[in-house]
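Engineer: All I have is the shape, not the residue letters:
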Ligand code: GLN
């Protein structure tokens, strides 16, 4: 009698442990969505001072999409020019990096529906009076981030000397140090940098917005399933107000 009682207790404990184990395993089984980004692009993707976490509009959006898909988002940081090769090599599943949809890129990756309207702008030093916009950059020295639409646009300018950097931080620093006359970069990023007092107010934005661009999430060409799932998630986030909430967090206003 006593023996069987202990046996029953032991069995219950064993079953309990087994079930706890199963639960744990299930959690570990949650699919991972590896999202590539380049984190010197505030307010879309960056690391707050002293923090290793990736934060920003794209990061919130990527995590919200992951939640919709029941997937755990893992952010993978790399150079902007390494994102599409990493996608094609299968090292990441998606790119969320303020990546502009261009015809050339659309040849090598599959883009989701666009999620943000952007464009390029010109940043110069505060005491600069000769440069008033993209049209005054002929023959000038221009800093850009490698592999970006800013780099592509700068290369079109006659006689300009284009200096390419791995990060936007270095491009801005080169402007501050007098190594270049201007930086060509995405307008919302320049605006945020100036608004946050980046580089202690040494810079200003000049001229009109240079291009009309749209950001989208990129996946490997042929991965129509993931692109479709991302589009469905994006549509749901727009419908349920989550997209608006994220937008307001980073831009402090309603979606334009
Ligand atoms: N939107 C630009 C591009 O796609 C810049 C992106 C970035 O620097 N993260 O090229």
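Structural biologist: Here it is on my side, so go on. The structure displayed is predicted, hence computed values, not measured ones.

Engineer: which residues in the chain form strands?
Structural biologist: Under the criterion DSSP state E, the chain contains strands at 32-37, 40-41, 45-46, 72-77, 94-95, 109-111, 116-118, 120-125, 141-145, 161-165, 182-186, 203-206, 213-215, 218-220.

Engineer: Which residues outside the second one are in contact with it?
Structural biologist: Put plainly, it is strand 40-41. 46, 56, 97, 98, 145, 167, 168, 169, 186, 189 (CB atoms under 8 Å, 6 or more residues apart in numbering). Where C-beta positions appear, they are placed from N, C-alpha and C, glycine not excepted.

Engineer: contacting residues for the spatially closest residue to the third one that is not a sequence neighbour?
Structural biologist: Think residue 97. Nearest non-adjacent residue to residue 97, counting by CB to CB, 6 or more residues apart in numbering: residue 37, 4.5 Å away. By CB under 8 Å, 6+ apart, the contact list for residue 37 reads 45, 54, 58-59, 62, 75-78, 83, 95-97.

Engineer: let's see 6 Å
Structural biologist: 45, 96, 97 (CB atoms under 6 Å, 6 or more residues apart in numbering).

Engineer: Near the ligand, which residues of the chain are found?
Structural biologist: 38, 41, 80, 97, 98, 99, 100, 145, 148, 149, 186 (CB under 6 Å from any ligand atom).

Engineer: Please repeat the previous calculation with a cut-off of 5 Å.
Structural biologist: Proximity of the chain to the ligand is confined to 41, 80, 97, 98, 99, 100, 145, 148, 149, 186 under the rule CB under 5 Å from any ligand atom.

Engineer: Could you count how many residues lie near residue 206?
Structural biologist: When neighbours are defined as other CB atoms under 10 Å, residue 206 has 17 of them.

Engineer: so what pLDDT did it get?
Structural biologist: pLDDT, residue 206: 97.

Engineer: what's across from it in the sheet?
Structural biologist: Here residue 206 sits in beta bridges with residue 122, going by DSSP bridges.

Engineer: In contact with the spatially closest residue to residue 95 that is not a sequence neighbour, which residues are there?
Structural biologist: Nearest non-adjacent residue to residue 95, counting by CB to CB, 6+ apart: residue 218, 4.1 Å away. Residues counted as contacts of residue 218 (CB under 6 Å, 6+ apart) are 95, 99, 109, 111.

Engineer: how does it look with 8 Å?
Structural biologist: Counting by CB under 8 Å, 6+ apart, residue 218 has contacts 83, 84, 87, 94, 95, 99, 105, 109, 110, 111, 112.

Engineer: so the third one touches residue 95, yeah?
Structural biologist: Spelled out, that is residue 87. Yes - counting by CB atoms under 8 Å, residue 95 is a contact partner of residue 87 at 5.9 Å.

Engineer: Compare those two (neighbour count), which wins?
Structural biologist: Using other CB under 10 Å, the more surrounded residue of residue 87 and residue 95 is residue 95, with 29 against 23.

Engineer: partners of that one in the sheet?
Structural biologist: As assigned using DSSP bridges, the partners bridged with residue 95 are residue 36, residue 218.

Engineer: going forward can the numbers begin at 501, since that is how I track them
Structural biologist: OK, 501 is where the count begins now, so the last one is residue 595.

Engineer: was I right about it contacting residue 720?
Structural biologist: No - look at residue 595 against residue 720 with CB under 8 Å: they stay out of range, at 9.7 Å.

Engineer: that older thread, for residue 660, state which of the contacts of strand 540-541 is nearest.
Structural biologist: Nearest to residue 660 among the contacts of strand 540-541: residue 645, at 15.6 Å, using CB to CB.
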